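# generate a structure from the sequence data that follows.
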Amino acid sequence: MVKSAPSEEETRTRARTRRAILDAAVDVLGENRAAPLSQVAVRAGVARSTLQRYFPERADLITALGEYSEELANEATERARTTEGTAIEAFSRLVSEYFALRKISMIAFAGDDAPQSTDEEECGPSDLALFELVERGHEDGTIDPRITPLWAQQLLWSSLYAGWLYVTTAKVPAFEAHNMCLLSLVKALAREKQG
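Numbering: from 1, shown residues only. Next up, the predicted model:
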């Protein structure tokens, strides 16, 4: 028997179910990385067998979360409108968009497959947009020319990580950690005004 190709509606339904499982995994594993997958299934509103059809092993789900993290970072980069306004304004929007990815990023950074590459050829669209933003900031005079794009990338992700961790360790509201993170990053990158 030849299996027919899935209809467009089936494909959309599968994509929605997959995303619901990933979003539930972000919530559940963001709270407790050792939580059983049955909790993820309950939060996603699917049967455990459905979750296993999409992600047969826990490792498959963790790998998918790493890919999902990159997808969400690309979406956040688009929302930040990195080509609009001055570079430092665009950078501030980017920090705010990325800060909202706290749970998924903490899961992705904790995994063995966390991004390690600094080679531009292996960078994704969000990293390339950041590099272009920093170079534009050098040209428009809002970002210190001594700050290289690669240094800005490393500083951004390490500061975001520190801000996300600060929410948990200092037991402060996320908006407070976000504001401190944004202030620190903008001060670090902004070109000093000549008095």
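# can you pull out the helices in the chain?
8-31, 37-44, 48-54, 58-79, 87-99, 102-110, 125-140, 149-169, 174-189 (DSSP state H).
# as TSV, these with mean neighbour count and mean pLDDT would be great.
Every C-beta, even on glycine, is put in place using the N, C-alpha and C of the backbone. Shown next, in TSV, are those (neighbours: other C-beta atoms under 10 Å; pLDDT from 0 to 100):
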stretch	mean neighbour count	mean pLDDT
helix 8-31	16	89
helix 37-44	18	95
helix 48-54	14	94
helix 58-79	17	92
helix 87-99	21	94
helix 102-110	19	81
helix 125-140	18	93
helix 149-169	17	93
helix 174-189	17	94
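# with adjacent residues omitted, what lies nearest to the spatially most central residue of the chain?
The centroid of the chain falls nearest to Ala73 when counting by C-alpha atoms, centre = their mean (4.0 Å). Excluding the flanking residues, the one nearest Ala73 by C-beta to C-beta, 6 or more residues apart in numbering is Ser126, at 4.5 Å.
# can you name the residues that contact the one you found?
Glu70, Ala73, Asn74, Ala76, Thr77 (C-beta atoms under 8 Å, 6 or more residues apart in numbering).
# can you rerun that using 10 Å?
Ser126 sits next to 70-78, 80, 82, 94, 97-98, 153 when contact means C-beta atoms under 10 Å, 6 or more residues apart in numbering.
# next: Ile107.
Ile107 sits in contact with Ala25, Val26, Leu29, Gly30, Arg33, Ile62, Leu65, Gly66, Tyr68, Ser69, Ala114, where contact means C-beta under 10 Å, 6+ apart.
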